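Asks: Any chance you could fold what I've pasted below:
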Amino acid sequence: MEEDGTVMRRWEEMDIDILVKIFQSLTVFELTSGIAHVCSAWRLAACDPLLWKTLDLSMLKSNFIKIPLEPYVYVHCHSDKTLTRILKISLSLSRGNITSLFFHCNLYVSEEQLTYTAERCPRLRRLVLPAWNRVETVMIKAIDLWKDLESLTMPSIANPLD
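Replies: Residues are numbered from 1 along each chain as shown. As a prediction, the model looks like this:
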């Protein structure tokens with residue numbers, strides 16, 4: 001206790017609802033940067049379903065080169081690693097509570113990334129998945145796992161070199 005009568009509280013003693021409210025103002029990059037490792041209270045708040053209704057990756061783009069043969073695009077390994085890291089941490093923290101998932105139109109999702117996501121987002125209702133030419137064989141499996149899927153947005157790749 002301070003001399004003036006005020007009580008100092010530690011960050012880990014902050015009410016979970018207040019932490020969740022603060023965490024709601026963070027980006028997905030900030031939420032996945034390690035705040036869940038600060039203490040058990042922050043971990044609990046970082047896993048709150050209110051934070052994970054929507055996973056918006058629309059600001060994340062792939063560094064890629066279009067090529068004339070399938071899969072019609074080469075994605076730089078750093079882009080794939082960044083997406084994989086964010087997906088793993090986000091989907092772990094979300095505990096299956098994501099209902100909407102948005103990818104940027106220039107974010108190329110691999111089959112492994114889509115499968116990983118499908119297995120950990122059973123409640124998904126809305127999916128915006130742009131560059132689907134990398135996920136041909138697992139698309140049906142993923143859709144089969146999403147029993148509650150109501151909306152799926154994917155562009156046509158009739159001419160993938162455009």
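Asks: hang on, Leu127 is in a helix, isn't it?
Replies: No: under DSSP: H, G, I helix; E, B strand; the rest coil, Leu127 sits outside any helix and is assigned strand.
Asks: That one: what's it in contact with?
Replies: The contact partners of Leu127, taken as CB atoms under 8 Å, 6 or more residues apart in numbering, are Ser100, Leu101, Trp146, Leu149, Ser151, Leu152, Thr153. For glycine as for every other residue, the C-beta is placed from the backbone atoms N, C-alpha and C.
Asks: redo that, cut-off 6 Å
Replies: Leu101, Leu152 (CB atoms under 6 Å, 6 or more residues apart in numbering).
Asks: Also the one 3 residues further on?
Replies: Shown in contact with Pro130 (CB under 6 Å, 6+ apart): Phe103, Cys105, Pro155.
Asks: Take those and keep only those in strands.
Replies: Per DSSP state E, strands hold the following members of these: Phe103.
Asks: For the contacts of Pro130, give me a markdown table that also has pLDDT, distance to Ala118 and neighbour count.
Replies: Below are these laid out as a markdown table (pLDDT from 0 to 100; distance: CB to CB, whole Å; neighbours: other CB atoms under 10 Å):
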| residue | pLDDT | distance to Ala118 | neighbour count |
| --- | --- | --- | --- |
| Phe103 | 88 | 13 | 27 |
| Cys105 | 76 | 20 | 11 |
| Pro155 | 75 | 19 | 12 |
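Asks: Among the contacts of Pro130, which one lies nearest to Pro49?
Replies: Phe103 (21.3 Å; CB to CB).
Asks: measure the closest one to Pro155 for me?
Replies: Note on Phe103: its distance to Pro155, by CB to CB, to the nearest Å, is 11 Å.
Asks: I would like the residues contacting stretch 17-28, please.
Replies: Ala45, Asp48, Leu50, Leu51.
Asks: what sits against the last one?
Replies: Spelled out, that is Leu51. Leu51 neighbours (CB under 6 Å, 6+ apart): Phe23.
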